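S.K.: sequence unknown, structure follows:
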């Protein structure tokens, strides 16, 4: 994994992924006690950064591999990213999703032309299902985070952050990233190390699912006790990846742990002050910046709003936090 | 009023206003039956295009005029745009607002450092109040739409649309604009006439407040019977302006009239498919594109999402339309 792979992914993605804006609000600056810059990846195609990794991986396939198709397993955002990237390449896509994923994510994945296979997150192993289907039908497996081409695609977010923050005159700051398996976190970290070494990545995770924060502290891969049951479904993974963890250990940290309630309040404030729709897991970084100000130093901070695929009922709960 | 004034405003605004993105969704294309491009001005500073006109007008003032300050009367978005532009120029701002404006807009205007004077929309005349205060305190009045510098500022939106749509290969299409007094509509129309003459502006208005649509039909300025009582508060004005109407008559039309319910459904779909927060009045153009497809021709259409300042309760009603 190196910066050249990220730059190559950026070339393949150019003109296909959206170059998402960095948003600001004086009201959020006041809450955080410093200038807050929000990279709005919720405005990416399919509503999350995952389209970048999906496109990066699919666009690197041979014509034959495109013809037989791809398979991915995902709680939803990776599913949609891969499904759209596959469709735009004319490749069939099979997506293995947990049966308890938000209805909107399952529905969107199907609407993007993918074949959806559901499994029970508590009793079945998605890796086993994915590998079996992959062999049976000769599909190329696109892992959600522990895959160099995917990390490279997510890392293009970091190239954009480096470019835009330097243009804004901010060269020393923390970049807070909502963190699941670490694909985005490690990709951004590699990009920043090359292009803006004064910007340091800090992973943000929900309480009870702070595997990366604990792993960075102990220096070895730690797991979560629970596998599901969080509003922040988008960033729930069992443990950091074998590829992503060493990168994060070298470049990132310390992690910041936020509560679900803080994520909901951040979703509400992003609605009110930035006019963007962010899902709870995608708001973990903004929650860290707004409600854990004492865990940062410096006069500026960047939060990546990683996704915006949220059911209306959950969003309505976030709106109630504004009352 | 001419294109040079818009280009001059674009120079003054550069680096201050946000260059808002154009968003798309295959799901919206399917509903509309053609490709839909949404210019997301709800992501502009203060949550609406009004910041452009405010900045354009304030940045053209002399140092003395900046020192004594500015005054504006507005249902809310112009208020916030002028308040922030004034604050960034170090100028005092007095804003005359209707007492029934959304609480969020009154609160935001005060938080942006402006002095807010409330009036009763049914019994008082805001022009009279504005002119009296303006004289008493030697403030420069910044009208919401019938003012060349303001039209020029709003017109910068049109320069960006022309540039981005040409880059996307779309040179023949309708550009649907949520229309109140016509400042944005006429400004965009002038910009497109110069830079992308195949793009034609169509004003969108809510039922019962279709003064511009009727005026374009009859060829003379027509008024609305009612003055208030619409969810689309941002685009409720009594009649088109003396400056804006001739421009619209030359370049725009025919208008499209949408219902409040269609606006709410468009707000819901913008949440679901674009992950942006749009207020009901700011969704009139998207509502026209999605639910009045038979009033358009061609395979592409652009809708301007003009603002995103909406109370949480109203937004929750829009979410219910998705169920």
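M.R.: Sure thing, it's come through. Remember, it's a predicted structure, so these values are computed and weren't measured experimentally. Numbering: from 1, shown residues only, chains lettered A, B, ... in the order given.

S.K.: Next secondary structure after the lengthiest strand in chain A?
M.R.: Assignment by DSSP state E gives strand A:199-206 as the longest strand of chain A. Downstream of strand A:199-206, the first helix or strand assigned by DSSP states H and E is helix A:211-218.

S.K.: Which positions in that next one come out as buried?
M.R.: A:211, A:212, A:213, A:214, A:215, A:216 (16 or more other CB atoms under 10 Å in any protein chain shown). Yep, even glycine has a C-beta here, placed from its N, CA and C like the rest.

S.K.: any idea of the mean pLDDT for that helix?
M.R.: Confidence for helix A:211-218, expressed as mean pLDDT, is 98.

S.K.: What is it packed up against?
M.R.: Contacts defined by 3 or more CB pairs under 8 Å, 6 or more residues apart in numbering or on different chains; DSSP states H and E place helix A:211-218 against strand A:199-206, helix A:244-251.

S.K.: Report the strands that pair with the first one, each with its relative direction.
M.R.: So that's strand A:199-206. strand A:173-178 (parallel), strand A:256-258 (parallel) (DSSP bridges).

S.K.: Give the other helices and strands that the helix or strand just after the last one contacts.
M.R.: When you say that, I think you mean strand A:256-258. Sequence order places helix A:260-269 as the next helix or strand after strand A:256-258, per DSSP H and E. When contacts are defined as 3+ CB pairs under 8 Å, 6+ apart, helix A:260-269 sits against helix A:26-32, helix A:284-291, helix A:312-320.

S.K.: Go ahead and name everything in contact with helix A:260-269.
M.R.: A:27-28, A:31, A:206-207, A:230-232, A:278-281, A:283-284, A:286-287, A:290-291, A:310, A:315, A:317-322, B:312 (CB atoms under 8 Å, 6 or more residues apart in numbering or on different chains).

S.K.: these two touch, right, residue A:31 and residue A:292?
M.R.: No. The criterion here is CB atoms under 8 Å, and residue A:31 misses it with residue A:292 at 11.5 Å.

S.K.: near chain B, which residues of the stretch 101-250 of chain A?
M.R.: When proximity is defined as CB under 8 Å from any CB of the partner chain, the stretch 101-250 of chain A approaches chain B at A:104, A:108, A:111, A:112.

S.K.: Tell me the confidence at whichever residue of the stretch 51-200 of chain A sits closest to chain B?
M.R.: Using CB to the nearest CB, the closest approach of the stretch 51-200 of chain A to chain B is made by residue A:111 at 6.8 Å. Looking at residue A:111, its pLDDT is 91.

S.K.: dump the residue contacts of it.
M.R.: Counting by CB under 8 Å, 6+ apart, the residues that residue A:111 touches are residue B:27.

S.K.: ok, 10 Å please
M.R.: Shown in contact with residue A:111 (CB atoms under 10 Å, 6 or more residues apart in numbering or on different chains): A:80, A:83, B:26, B:27, B:30.

S.K.: Now the buried members of those.
M.R.: A:80, A:83, B:26, B:27.

S.K.: how about those, which pair is most distant?
M.R.: Pairwise distances across the buried ones among the contacts of residue A:111 (CB to CB) peak at 12.9 Å, for the pair A:83 and B:27.

S.K.: what's the overlap in contacts for the two?
M.R.: What both residue A:83 and residue B:27 touch, as defined by CB under 10 Å, 6+ apart, is the set A:108, A:111, A:112.

S.K.: re the thing from before, any idea which of the helices and strands packed on helix A:211-218 is most buried?
M.R.: Among these, ranked by average contacts under mean count of other CB atoms under 10 Å in any protein chain shown, first place goes to strand A:199-206 (a mean of 27).

S.K.: and the angle from it to helix A:244-251?
M.R.: Interaxial angle, strand A:199-206 versus helix A:244-251 (axes from the mean of the first three to the mean of the last three CA atoms, to 10 degrees): 130 degrees.

S.K.: So what's the gap between strand A:199-206 and the chain middle?
M.R.: Between the centre of strand A:199-206 and the centre of its chain there are 12 Å (CA atoms, centre = their mean, to the nearest Å).

S.K.: correct me, but residue A:245 touches residue A:182?
M.R.: Yes. Counting by CB atoms under 10 Å, residue A:182 is a contact partner of residue A:245 at 6.5 Å.

S.K.: what do the two both touch?
M.R.: Joint contacts of residue A:245 and residue A:182 (CB under 10 Å, 6+ apart) are A:146, A:211, A:212, A:215, A:239, A:252.

S.K.: returning to what we had before: pull out the buried members of the residues of the stretch 101-250 of chain A next to chain B.
M.R.: Buried among these (16+ other CB under 10 Å): A:104, A:108, A:112.

S.K.: could you dump these to TSV with secondary structure?
M.R.: Formatted as TSV, these follow (DSSP: H, G, I helix; E, B strand; the rest coil):
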residue	secondary structure
A:104	helix
A:108	helix
A:112	coil
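
S.K.: Reformat the residues you listed into a markdown table and put distance to residue B:142 next to each item.
M.R.: Output for these, formatted as a markdown table (distance: CB to CB, whole Å):
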| residue | distance to residue B:142 |
| --- | --- |
| A:104 | 42 |
| A:108 | 44 |
| A:112 | 46 |
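
S.K.: Closest one of those to residue B:97?
M.R.: Closest to residue B:97, out of all of those and judged by CB to CB, is residue A:104, at 37.1 Å.

S.K.: Check the burial of the residue lying closest to that closest one once chain neighbours are set aside by counting its neighbours.
M.R.: Among residues not flanking residue A:104 along the chain, residue A:311 sits closest, at 5.4 Å (CB to CB, 6 or more residues apart in numbering or on different chains). When neighbours are counted by other CB atoms under 10 Å in any protein chain shown, residue A:311 registers 16.

S.K.: ok, now how distant is residue A:311 from residue B:90?
M.R.: Going from residue A:311 to residue B:90 by CB to CB, to the nearest Å gives 45 Å.

S.K.: sorry, back to before: state the mean pLDDT of the longest strand of chain A.
M.R.: 98.

S.K.: Over to stretch A:304-320?
M.R.: Summarised as a single mean, pLDDT over stretch A:304-320 is 96.

S.K.: Which of the residues in it are classified as buried?
M.R.: In stretch A:304-320, counting by 16+ other CB under 10 Å, buried: A:304-312, A:314-315, A:318-319.
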